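> Predicted model follows, preceded by the sequence.
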Amino acid sequence: MPNTATAPVETTRSQRLKAATNATHERLDQRIMAGDIFASRDRFARFLRVQYRFHCDINALYANAALAALVPDLAGRRRLPEIASDLRDLGHALPPSAAAAVRADLPLASALGWLYVAEGSNLGGAVLYKLAAKLGLNSGFGARHLAAHPDGVARHWRGFTAALDAVTLSRSQEDEVVAGAEAAFGRVRAHVEEAFA
Ligand code: HEM
């Protein structure tokens, strides 16, 4: 029988990523909520602009062949069209296109880190979706991109984390995943600072 008292605590890659980015995520959540995004539809549109810019940044991820081979329904996870519809629903023009932060040939490890942030944001998105109801927004108007996946938010997330956790990576690639997630959070934060300035 193994000596459980001295056995190392095994963590998954997704758990390690969560721990590594927890403080950054917490600060981002607080910054967004301090932006009073449920005070009016116009305030909410600022959050939509952040999401639009971030999802333009990562658009090339969804055409990344190495990522598509690993992650179930990668193309179906792309939310840029729904975010654009949400902005149009609220009568807002799409922000002008800027240079995307992510190239199509981004190495797999780094791509996993970026996608972790995009997919993880659906968890907080479920909370935001409920709050958006008080602005009259829902899956058919203004909050389309926050609506839960038909499989359920938790199950859809586990589909991603199972793929993320299963892939074999070298030590330096492990670091690249974390750096990719940190870069993604940094990019979202920069968009937040601009939208809420
Ligand atoms: C675009 C902005 C956001 C990004 C990029 C983002 C990113 C993430 C990520 C990566 C996770 C997954 C953490 C894990 O590994 O379990 C997560 C979870 C979560 N986020 Fe955010 N988030 C964002 C906005 C928000 C906001 C505004 C809130 C405030 C309500 C929020 C609340 C949460 C909650 C409640 C969870 C689930 C935490 C858990 O189950 O442990 N997020 N988010």
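Structure's in. What do you need? Numbers count the residues shown, from 1 in each chain.
> Tell me which helix or strand the residue nearest to the spatial centre of the chain sits in.
Against the mean C-alpha coordinate of the chain, by Cα atoms, centre = their mean, the closest residue is Ala118 at 1.7 Å. Assigned by DSSP states H and E, Ala118 belongs to helix 108-132.
> Check which residues of that helix are buried.
108-122, 125-126, 128-129, 132 (16 or more other Cβ atoms under 10 Å). C-beta coordinates here come from the backbone N, C-alpha and C atoms, glycine included.
> near the ligand, which of those show up?
Contacts with the ligand within the buried residues of helix 108-132, counted by Cβ under 6 Å from any ligand atom: Tyr116, Val117, Gly120, Ser121, Leu128.
> If we look just around the ligand, which residues of this structure are in range?
So far as Cβ under 6 Å from any ligand atom goes, the chain lies against the ligand at 14, 18, 25, 28-29, 32-33, 116-117, 120-121, 123-124, 127-128, 188.
> Please repeat the previous calculation with a cut-off of 5 Å.
Lys18, Asp29, Ile32, Val117, Gly120, Ser121, Leu123, Gly124, Val127, Val188 (Cβ under 5 Å from any ligand atom).
> Which two of those have the greatest separation?
Distances among these were taken as Cβ to Cβ; the most separated pair is Lys18 and Ile32, at 18.2 Å.
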